[in-house]
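K.L.:
how does the following fold in three dimensions:
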Amino acid sequence: MDDHTTYLEQIHQSHGTLVNLSHRKLTVLPSTLDKMLAVKKLFLNNNNLIMPPDEITALARLEVLVLDHNQLTILPTGISKLKYLRTLVLSNNKLCHLSSEIGQMQLLTNLWLVDVQLMSFPEELCKLNNLQILSLRKNSISYLPEEICHLTNLARLDLAKNQIKDLPKTLDRLSSLCYLDISHNQLQSMPYCLVCMKNLNIIIAQYNFVSSLSDDWVMKCKYLTKFDLRGNPLQLAFEKFRDVLELRTLLICESDEYANMNEIRSSCTFVTVSISSLIKNRRYLSQK
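P.N.:
Next up, the predicted model:
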C-alpha cells in the first residue's frame, strides 16, 4: 500500500471531509479516491495531472475543488454532477475552452480561471447567477458578452491581463459588483457604464491606453473609494475629483505616486499633474 492509499484510507476510516493531495507529483489519482463519499474539500493542485480526473464526479458532497497548476486540457466528464460545489479553482492549466457543463453548476460562488489560455469569455459562465468571485486574469479575452449582466451576485471581477478594448453597457446591471480589475488591457477610455454602479467602489485600471477622463465621467463616479490609473498616458487634473466625496485613494503613476484625496480637498491650490512630472517627484502628495 503506497503513501497516497494509506493517507486516503485513514481519511476514509475517520469519515474525514478534507483530502489534500497537492504537491505530490501525481499523474493519475489513487483508485480509492472515488470511495471518499464524505469528502467536501479536495485539493489536487500542483501535480502533473494530464487526463481529467473523472473519479471526482463520484464525490457528490464536494463543495471545494482545487485543481490549479496541473496540465489539464479538458474538464472531467460529468463535472456537473457536483451539485454542491461552491468553489472551483482551475487556474494555470491549458484548458483553452470550458465544457458547457460548467453552466449547470448553479451553486458555484467562487471560480478561478487564471491563465487557462481562454481565447474568449465562456458564455456558459453567464448562467452562474450565484457567482460572487470570478477571476479570468491572464487570458486572451477580447470582449465580454452582454449576458454577463445575469451575474447579479458577482462582487469581485478580475479581468486583468487580457485584450479587452471595451466593456458592455449591460455591465452596470451587476448590482453587487464592488471590485473590478481591468488592468493590463486595451481600454482607450473609461467605460461610461462603470459610473452607474452604486456598489462599485474599487476600480483597478492600470496599464491601459486611457489618455483622458471626461468631466461628466468624473462627476458621476461618486461611489469610488479607490481608483488606480497608473501606467496610462494621462494628464490628470486632481481638482476634477474634489467632489467625489467617497474617494480616498487616487493612484496615477508608480507605486509611490498617489493622491490622498483628503489632502486634495483641504488644499486651496490645485494643479494639473502629468505622469512625467510625478516620476520626478516620487511622493508628490502623501499622507501626513
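
K.L.:
ends of stretch 35-55, how far apart?
P.N.:
Using C-alpha to C-alpha, to the nearest Å, one end of stretch 35-55 lies 9 Å from the other.

K.L.:
same deal with stretch 40-54?
P.N.:
End to end - C-alpha to C-alpha - stretch 40-54 spans 16 Å.

K.L.:
do the same with stretch 159-176
P.N.:
17 Å.

K.L.:
for it, which outside residues touch it?
P.N.:
Applying C-beta atoms under 8 Å, 6 or more residues apart in numbering, the external contacts of stretch 159-176 come out as 132, 136-149, 151-155, 157, 177, 180-188, 191-194, 196-199, 204. From N, CA and C alone the C-beta is placed, and that goes for glycine too.

K.L.:
now, these that are in helices?
P.N.:
Judged by DSSP state H, the contacts of stretch 159-176 include no members of helices.

K.L.:
hmm, which of the residues you listed are the buried ones?
P.N.:
132, 136-139, 141, 144, 148-149, 151, 154-155, 157, 177, 180-185, 187, 191, 193-194, 197, 204 (16 or more other C-beta atoms under 10 Å).

K.L.:
who's in contact with the nearest residue to residue 150 once chain neighbours are set aside?
P.N.:
Nearest residue to residue 150 in three dimensions, chain neighbours excluded: residue 126, at 5.1 Å (C-beta to C-beta, 6 or more residues apart in numbering). Under the criterion of C-beta under 8 Å, 6+ apart, the neighbours of residue 126 are 103, 145, 147-148, 150-151.

K.L.:
turn the residues you listed into CSV, including distance to residue 227 and pLDDT.
P.N.:
Putting the contacts of residue 126 into CSV (distance: C-beta to C-beta, whole Å; pLDDT from 0 to 100) gives the following:
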residue, distance to residue 227, pLDDT
103, 33, 96
145, 26, 97
147, 27, 97
148, 22, 98
150, 27, 97
151, 23, 98
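
K.L.:
need the residues you listed in a markdown table (columns: distance to residue 216).
P.N.:
Listed next are the contacts of residue 126 as a markdown table, based on distance: C-beta to C-beta, whole Å:
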| residue | distance to residue 216 |
| --- | --- |
| 103 | 37 |
| 145 | 27 |
| 147 | 28 |
| 148 | 24 |
| 150 | 28 |
| 151 | 27 |
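
K.L.:
and which of these is nearest to residue 214?
P.N.:
Nearest to residue 214 among those: residue 148, at 24.2 Å, using C-beta to C-beta.

K.L.:
can you name the residues that contact that closest one?
P.N.:
Listed by C-beta under 8 Å, 6+ apart, the contact partners of residue 148 are 121, 125-126, 168, 170-171, 174.

K.L.:
for those, which one is nearest residue 61?
P.N.:
Distances from residue 61 to the contacts of residue 148, taken by C-beta to C-beta, are shortest for residue 125, at 23.8 Å.

K.L.:
my read: that closest one touches residue 134, true?
P.N.:
Yes. Counting by C-beta atoms under 8 Å, residue 125 touches residue 134, with 7.0 Å between them.

K.L.:
shared neighbours of those two, anything?
P.N.:
111, 151.

K.L.:
low-confidence bits of this protein, can you list those?
P.N.:
Counting by pLDDT under 70, the chain shows low-confidence ranges at 1, 237-238, 245, 253-288.

K.L.:
lovely, talk soon.
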